[in-house]
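**Student:** what's the 3D shape of this:
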Amino acid sequence: MVYYTRSLTLCNDSPALLGYRLTSPAPFSVVQLDPATRQPRRRLDRTERRVLAARQSVAVSVALCLSPDLLGYVHSLQFLQGPSPDGVQLVSSDDGGPRQLVFRLPLDVEFDNGSVQPVPLEATVVVPSLRLSTDTLDFGVCFVGQARELTVLLSNPTGSDSFWQCKRGIFTAPPFRRLIMSRFI
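**Tutor:** A predicted model of the protein is given here:
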């Protein structure tokens, strides 16, 4: 998992104590940062009740957590027009540029008096895209037990790292992004 964190400041300008809770929807979460590494050491989707003294402020760290499961969510958004009910939208550019997942969700500040103040959170994630150098591999006529090799180039034209795996043992992938395709009859 990869975390991207940002901080915001909650200010109590009133002369009274202010009790509140913070609630954040996935993939966002309120985090406590390790002072040495500045990496999240604890994630909270909902905080315990906190109190902010009169005329004081407090820093809050919010993280976007990127995981392979999150990027797998792209498949469910492919045919949806506009944002999904949970505030996520898959945006494709008309010029063939990379697809992007756009998250527009609120960090809710729930006050003791029952009111809720949403703080808008927004994140854009470039979706990796794997492409093969050819659409079709023609092995020609093969005899029983004869191996044929074809080389194709697997590339990622986006600026976003990608990871992949072979689910069937039909090809090998040595380093340098070169694929060896073999067919046995």
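**Student:** so which residue is smack in the middle of this protein?
**Tutor:** In the chain, the centroid-proximal residue (CA atoms, centre = their mean) is residue 66; its distance is 3.6 Å.
**Student:** counting neighbours, what do you get for residue 67?
**Tutor:** Per other CB atoms under 10 Å, the neighbour tally for residue 67 reads 13. Any C-beta I mention is one placed from the backbone N, CA and C, and that applies to glycine too.
**Student:** brain fart, residue 18
**Tutor:** Counted with other CB under 10 Å, residue 18 comes out at 20.
**Student:** run through the bridge partners of it.
**Tutor:** residue 52 (DSSP bridges).
**Student:** neighbours of the closest residue to residue 3 other than its chain neighbours, just the number please.
**Tutor:** Distances taken as CB to CB, 6 or more residues apart in numbering place residue 63 nearest to residue 3, at 4.5 Å, with adjacent residues excluded. Residues within reach of residue 63, counting by other CB under 10 Å, total 21.
**Student:** extract the C-alpha set from the helix or strand residue 63 falls within and format it as PDB.
**Tutor:** Using DSSP states H and E, residue 63 sits in strand 57-66. Extracted C-alpha coordinates of strand 57-66, given in PDB (Å, rounded to 0.1, in the frame of the first residue of the first chain):
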ATOM      1  CA  SER A  57      -6.200  24.900  16.600                       C
ATOM      2  CA  VAL A  58      -5.100  21.400  15.800                       C
ATOM      3  CA  ALA A  59      -3.400  19.800  12.800                       C
ATOM      4  CA  VAL A  60      -5.100  16.800  11.300                       C
ATOM      5  CA  SER A  61      -3.400  14.500   8.800                       C
ATOM      6  CA  VAL A  62      -5.500  12.800   6.100                       C
ATOM      7  CA  ALA A  63      -4.100  10.100   3.800                       C
ATOM      8  CA  LEU A  64      -5.100   8.600   0.500                       C
ATOM      9  CA  CYS A  65      -4.300   4.900   0.600                       C
ATOM     10  CA  LEU A  66      -3.600   3.400  -2.800                       C
END
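**Student:** so residue 87 makes contact with residue 105?
**Tutor:** Yes - proximity of residue 87 to residue 105 meets the contact threshold set by CB atoms under 8 Å, at 4.4 Å.
**Student:** could you name the helices and strands sitting against the strand holding residue 63?
**Tutor:** Where contact means 3 or more CB pairs under 8 Å, 6 or more residues apart in numbering; DSSP states H and E, strand 57-66 is packed against strand 2-11, strand 28-33, strand 40-44, strand 116-126.
**Student:** so what's the gap between it and the chain middle?
**Tutor:** In terms of CA atoms, centre = their mean, to the nearest Å, the centre of strand 57-66 is set 16 Å apart from its chain centre.
**Student:** cool, and stretch 108-124?
**Tutor:** Between the centre of stretch 108-124 and the centre of its chain there are 22 Å (CA atoms, centre = their mean).
**Student:** and the end-to-end length of it?
**Tutor:** End-to-end distance of stretch 108-124 (CA to CA, to the nearest Å): 20 Å.
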